[in-house]
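Undergrad: What would the 3D arrangement of this be:
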Amino acid sequence: MADLTSIVSLAACFGCLACPASSGMGDASIGSEDRATGARQVASPADSWPGCPAPPLYRSDPRGYTVGLSIDIGATSQTRGVPDPFLSAGGSITIEAATVDTSTVSDLRGLESSVRLNGIPQKVPARIEGDPLSGAQRIRLDIPQGPLQTVSARATWPAIAFSIGVDEPIAAKVTWPRAWTPEVTKFLSPSQGIQSDDEVFKAFVAKTTEGRLRRTPIYLAAKDLVRRTIVEFQNVNTQTLVREGQGTIRGFRLQGAISSTRALSVTPGDMVCTCVAVLRAAGIPARPVIGIYSGSGNNPDTKLPKDRTTLCVWAEFNLPGCGWVPFDPYEMRGRGLPQANVNQPWKWFGTIKQMNRRVALAYDFAPFNHGMTRDWPAGWVWTVSGRTTAPFRIVDATAPLMVSRGQIRP
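TA: Coordinates of the predicted model:
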């Protein structure tokens, strides 16, 4: 079982890169630029973890976890008279792991993985791709060709989740940047299910801001755009996950941002897609976050299940020079948003104490824009090569894995 040893050493190794204040720099105005966020890395000396945000964003109360996914893939025959349909195609399973974020730090040096083909353990080493300081890495498990009826994969790694705080008066003074860094700019582009270049979102932004977008501080502009988007949804289906049994999840029930604007009923995942599309259309980098919720803690305020580990989804937007600001549209709904004062703190926007009960996994419902995302995305993709022996339908199930290691300190 992976522990937190590697992630603690990660703080020691990267603390000087990610958080100048923790490396002995006494002047809080001095800092380096984080490649994942474009943020000036200045924070409390007590926070030596990689990717620490700059004021007015703060994080605290770090909690350690071992997190990951267990994935099962099988096939059912679509042709009568075929008793044992199977795949003869190889391929790979690719899982995204958020490594450096405002609310999550993961270290894949502590990765543990396993693969079973037709129920038999296989020696399939995991390949880790990408720069750990870029914000996310890929875990790739190659599947050899052969007569496969079932494929089971499991990957776990150590992670730390933080509570997030925002100094609202200071955040409201942050101005629009002249240009976004390349690592942030990519979250302005449309992606699967988030068609931010569609005219419907451009028109919505223009109507909402009445030509005052760039004259409004970016934090307040994002806040009002999210609020206006949420109140557009009249009927929200709380069943955002497709399940096929106890402890197994098919993935997120999604229509996508465009379809959600015309739907009579949407899911929390649809709300995230639409909010992200609106922010991107306004020129604010934003992204969905697929994560795991621990189901623990004495928080009566959340709408998530309090008795089980499950997948969850929220969103983030980038505050220039500071980092990524989390918000949860579903949790924000029903809290008097139409009358809420944009200059006052809102629950589940920015300051979220309960973020240390969630660990981020992926920043896209179709990670890396390659492979096949099954009917219901869940933070991983399945790439197939070769052929199949009979008409079949792939059936997959995902189980989130999360073991709490309690509060930790650098």
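Undergrad: Quick check: the gap between residue 166 and residue 333.
TA: Using C-beta to C-beta, to the nearest Å, one gets 20 Å for the distance from residue 166 to residue 333. Any C-beta I mention is one placed from the backbone N, CA and C, and that applies to glycine too.
Undergrad: More neighbours: which of the two?
TA: Shown here are residue 166 and residue 333; by other C-beta atoms under 10 Å, residue 166 has more neighbours (23 against 16).
Undergrad: I figured the more buried one hits residue 350, correct?
TA: Yes - the pair residue 166 / residue 350 is scored as a contact, 3.7 Å apart, by C-beta atoms under 8 Å.
Undergrad: got any residues that touch both of the two?
TA: residue 325 (C-beta atoms under 8 Å, 6 or more residues apart in numbering).
Undergrad: any idea how far residue 177 is from the nearest residue to residue 193 once chain neighbours are set aside?
TA: If the residues on either side of it in the chain are set aside, residue 193 comes closest to residue 256, at 3.8 Å by C-beta to C-beta, 6 or more residues apart in numbering. Shown here: residue 256 relative to residue 177, a distance of 29 Å by C-beta to C-beta.
Undergrad: Looking at these two, which has the bigger crowd around it?
TA: A direct count of neighbours by other C-beta under 10 Å for residue 256 and residue 177 places residue 256 higher, at 18 against 14.
Undergrad: what's that one in contact with, if anything?
TA: Contact criterion C-beta under 8 Å, 6+ apart gives 192, 193, 194, 195, 270, 273 as the residues in contact with residue 256.
Undergrad: Which members of these define the maximum pairwise distance?
TA: Checking these against each other with C-beta to C-beta, the farthest-apart pair comes out as 192 and 270, at 13.4 Å.
Undergrad: So the two - more neighbours on which side?
TA: Regarding residue 192 and residue 270, a neighbour count based on other C-beta under 10 Å identifies residue 270 as having more, with 28 against 15.
Undergrad: all strands of the stretch 101-250 of the chain, in order?
TA: Ranges of strands in the stretch 101-250 of the chain, per DSSP state E, counting those that start in this stretch, are 104-106, 112-117, 120-122, 126-129, 136-143, 150-166, 241-245, 248-252.
Undergrad: Flag every buried residue along the last one.
TA: Along strand 248-252, the positions that meet the burial threshold by neighbour count (16 or more other C-beta atoms under 10 Å) are 249, 250, 251, 252.
Undergrad: Spatially nearest residue to the third one, not counting backbone neighbours?
TA: Translated: residue 251. Sequence neighbours aside, residue 376 is the residue nearest to residue 251 in space, at 3.0 Å (criterion: C-beta to C-beta, 6+ apart).
Undergrad: Next: residue 408.
TA: Among residues not flanking residue 408 along the chain, residue 64 sits closest, at 4.4 Å (C-beta to C-beta, 6+ apart).
Undergrad: hang on, the one you found in a strand?
TA: Yes - secondary structure of residue 64 (DSSP: H, G, I helix; E, B strand; the rest coil): part of a strand.
Undergrad: Pairing partners for it in the sheet, please.
TA: Per DSSP bridges, the residues bridged to residue 64 are residue 160, residue 406.
Undergrad: shift numbering so it begins at 42
TA: Yes, from this point I'll number from 42; that puts the last item at residue 105.
Undergrad: so where's this structure shaky on pLDDT?
TA: By pLDDT under 70, the low-scoring segments of the chain are 42-88, 116-130, 285-288, 338-341, 407-416, 423-435, 451.
Undergrad: element containing the residue nearest the centre of it, please.
TA: Here the mean C-alpha position of the chain is nearest to the C-alpha of residue 330 (C-alpha atoms, centre = their mean), at a distance of 2.1 Å. Element membership of residue 330 [criterion: DSSP states H and E] is strand 327-334.
Undergrad: the inter-axis angle of that strand versus strand 289-293?
TA: Angle between the axes of strand 327-334 and strand 289-293 is 170 degrees (criterion: axes from the mean of the first three to the mean of the last three C-alpha atoms, to 10 degrees).
Undergrad: Give me the contact list for stretch 153-165.
TA: By C-beta under 8 Å, 6+ apart, the surrounding residues in contact with stretch 153-165 are 42-43, 166-167, 180, 182-185, 187-198.
Undergrad: neighbours around the residue lying closest to residue 170 once chain neighbours are set aside, how many?
TA: Excluding its sequence neighbours, the residue lying closest to residue 170 (C-beta to C-beta, 6+ apart) is residue 179, at 4.3 Å. For residue 179, the tally of surrounding residues (other C-beta under 10 Å) stands at 18.
Undergrad: do the one 3 residues further on as well
TA: Residue 182: 23 surrounding residues under other C-beta under 10 Å.
Undergrad: Next, count neighbours for the nearest residue to it once chain neighbours are set aside.
TA: Using C-beta to C-beta, 6+ apart and skipping residues adjacent in sequence, the residue nearest residue 182 is residue 134, 4.8 Å away. The criterion is other C-beta under 10 Å. On that basis, residue 134 has 26 neighbouring residues.
Undergrad: Might one say that residue 134 is in contact with residue 184?
TA: Yes - proximity of residue 134 to residue 184 meets the contact threshold set by C-beta under 8 Å, at 6.7 Å.
Undergrad: Out of the strands of the stretch 142-291 of the chain, which gets nearest to residue 94?
TA: For the strands of the stretch 142-291 of the chain, the distance to residue 94 is smallest for strand 191-207, at 8.4 Å, taking C-beta to C-beta.
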